[in-house]
Every structure is written in structure tokens, then in C-alpha cells.
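S.K.: Here is the input, now give the coordinates:
(one chain, ligands or ions: 1)
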Amino acid sequence: MPNFETRASIASFGGKLLKLTHHSKTTQTPMNLNLFLPASAFTHPSRKLPLLIYLSGLTCTADNCSEKGFFQHGASLHNLAILYPDTSPRGLNLPNESDSWDFGSGAGFYVDAETDGYRDHYRMESYITTELPELLWGEGGDYRELIDGGRVSITGHSMGGHGALTLYLRHPELYRSVSAFAPIANPLNCPWGQKAFKGYLGEDQGKWREHDATELVRRWGEGKKGELRMLVDVGTSDSFASQGQLLVENLEKAVVGSGLKAGKEGVEVRYQKDYDHSYYFMASFADEHVEYHAKFLKE
Ligand SMILES: N[C@@H](CCC(=O)N[C@@H](CS)C(=O)NCC(=O)O)C(=O)O
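M.R.: Below is the predicted model of the structure:
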């Protein structure tokens, strides 16, 4: 029995975008995800592919970026697979789950919740770091012949940028590199992060710090954990940045303060003139991010 049901197989940039569904043991719900396989998965199936995980932002499903992020273009050029997970479990009818767009459905924040009701289902960190790897490329994985689990990198947008940065910083053994588009970079200090962390982790801010990219970068520097492979882009006309929701500048200060190497081989934070928070911004830099990861994934 395969782990996933394939609901659709859509031709895209010479490869196929597979729309998959399964029942997750971690969230105890059905979960949808998309998996892009470049052409070589079909022409040379004995050659294993590196994989880039893309984590989406608030309100998104696995489809937003698959349809308009244009990552499949770069993935075809560099011969990578891309995994697009959903952003939360859905349809549980938990208290406050569907009342607002920045908490609950579509807003799982890539943490394992500890609060009543949520702790049994909203476990997106375990889902992304453990369950999906096991079911896709682990020993019993449906794509174990096609995907090389030793060559995985991670990227994401907004809430997904926070997810990519924190999962990389918390589990550096799993990923070769990280990049982020307009990430929620210091959730401890912004309204989106404070609301989510309170709702999923409770009142203890010590727990929040474990999921804050700026805090984790600072600790990385203090622990001298070595080279960070991190690229961050944010637009200068991003309305959520000007509302203080992203705080990328705090992440940048932590990088500089920690003496972490800047530039192409280390950490790079770029402010892209005139770009906003939307997928117009994402799509404009998707190729550059894929190329950035490809460099490490081909090593
Ligand atoms: N629903 C919010 C916007 C939320 C939003 O911009 N979400 C971003 C991620 S933080 C996104 O990717 N939205 C989906 C899309 O643009 O396709 C609003 O109405 O202001």
C-alpha cells in the first residue's frame, strides 16, 4: 500500500507536479501536499534527486506557490525535486481555529503546539521534519528510489520563511542550506508571532524563544556552530514589513552581532527595491533562490 494517494499529475516545466494526499499520524487529519519531480525522474529514474522544501505563508495551501511561485522553472534547470506541504491541519473545529486568518487553519507556524486541543493536531514541526521525510524518502517511503534524503534544503515565504529559518536552525543536520522570502524573522516581537506563540505554546516566553529565528541565530553565533548557509530577501515596499510584522532588520543585526560570515558563502540579507509581499516578489527571485540551494545540494 503506498503512503500517499495521487489526486492529480500535472505537467509543469518538463516535469510533473503531483498532488498528493494522506492521513497524517502526526496531525491525526488528512493532509494535502504537492511534489514536483523534474523530467529526469521519468527519463533517468535510477538517479536520485536532491530536494528543496518550500514552506508557505499565512492563509496558503500547498497550491499557492505551486501555481504562481515559479520554483518549478529553476528546479527543472537544476534537476531538483520540490516539496510543497500544507500550512496546518484543517477542519478540526478547535476553539479559535477558524476565527482569523493569522491563527489556526492555514497558520500552523511550523511549531508543535502544547496548548489544549492544539497539542494533539497542530504539530507542524514534527510533520515537516519527521513524518513527511519518513513517508516520502525514508526506508518505507513512496519516493525512496527517486529522492536523496541526504541532500535536502529548505525555503519559505513569510510565516513559511519563519518556518524555514527556524527548522534549519533547530535541525541543522537535516538541511544543507536555508533561504527565506520576507520571513517573520523575530516573532517574539511582532503581533503575528505573539498571537501564534501564545495560542500554540502558551504564556511561557522561554518556549517562544526556541522558535525565534533572530534568537536562534544569536545562539548559533555564541555556540560557534560554524557556517550558516542562509539567504534572505525582503522587499522595500512590503506592507507587512512596514507594519513591524517581519523585523528582518533584527535578524540581520543578530547575524552581524554574532560575527557570522556575510556574503555569498555565508549569510546574506538583501533588501529588494520596490518589491512588496506578494507572489510577484516571490516569483521574481525564485530562480535565484533555487540556484543558491542547488550549489549546496550538488556538493
Ligand atoms: N489575508 C491577508 C493576507 C495574507 C497574506 O498576504 N498571506 C501571504 C503570506 S503571509 C500569502 O502568501 N497569501 C496568499 C497568496 O498571495 O496567494 C489579508 O487579507 O491581508
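S.K.: what's around the residue of the stretch 101-250 of the chain found nearest the ligand, how many residues?
M.R.: For the stretch 101-250 of the chain and the ligand, the shortest gap (CB to the nearest ligand atom) falls at Ser158, measuring 3.4 Å. All C-beta atoms are positioned from the backbone trio N, CA, C, and that covers glycine. Around Ser158 sit 26 other residues, with neighbours defined as other CB atoms under 10 Å.
S.K.: Tell me which residues touch it, please.
M.R.: Residues near Ser158 by CB atoms under 8 Å, 6 or more residues apart in numbering: 57-58, 181-184, 240, 246, 277.
S.K.: ok, now how distant is Pro183 from Val234?
M.R.: 8 Å (CB to CB, to the nearest Å).
S.K.: coming back round to it: give me phi/psi at the residue of the stretch 101-250 of the chain closest to the ligand?
M.R.: With angles defined as degrees, to the nearest 10, Ser158 sits at phi 60, psi -120.
S.K.: Over to Pro85?
M.R.: phi -80, psi 170.
S.K.: Let's see the pLDDT reported for it.
M.R.: Here the pLDDT value assigned to Pro85 is 98.
S.K.: All the strands of the stretch 1-150 of the chain, residue numbers only.
M.R.: With strands called from DSSP state E, counting those that start in this stretch, the stretch 1-150 of the chain shows them at 5-12, 15-24, 29-37, 49-55, 81-85, 147-157.
S.K.: Of all the residues in the longest one, which ones are buried?
M.R.: What it means is strand 147-157. 147, 149, 151-157 (16 or more other CB atoms under 10 Å).
S.K.: now, which of those sits nearest Gly226?
M.R.: Of all the buried residues of strand 147-157, Ser153 has the smallest distance to Gly226: 16.5 Å, by CB to CB.
S.K.: Who are the contact partners of the closest one?
M.R.: 50-53, 175-179, 293, 296-297.
S.K.: tell me the pLDDT at it?
M.R.: Ser153 is assigned 98 on the pLDDT scale.
S.K.: And Trp101, by the same measure?
M.R.: For Trp101, the predicted pLDDT is 98.
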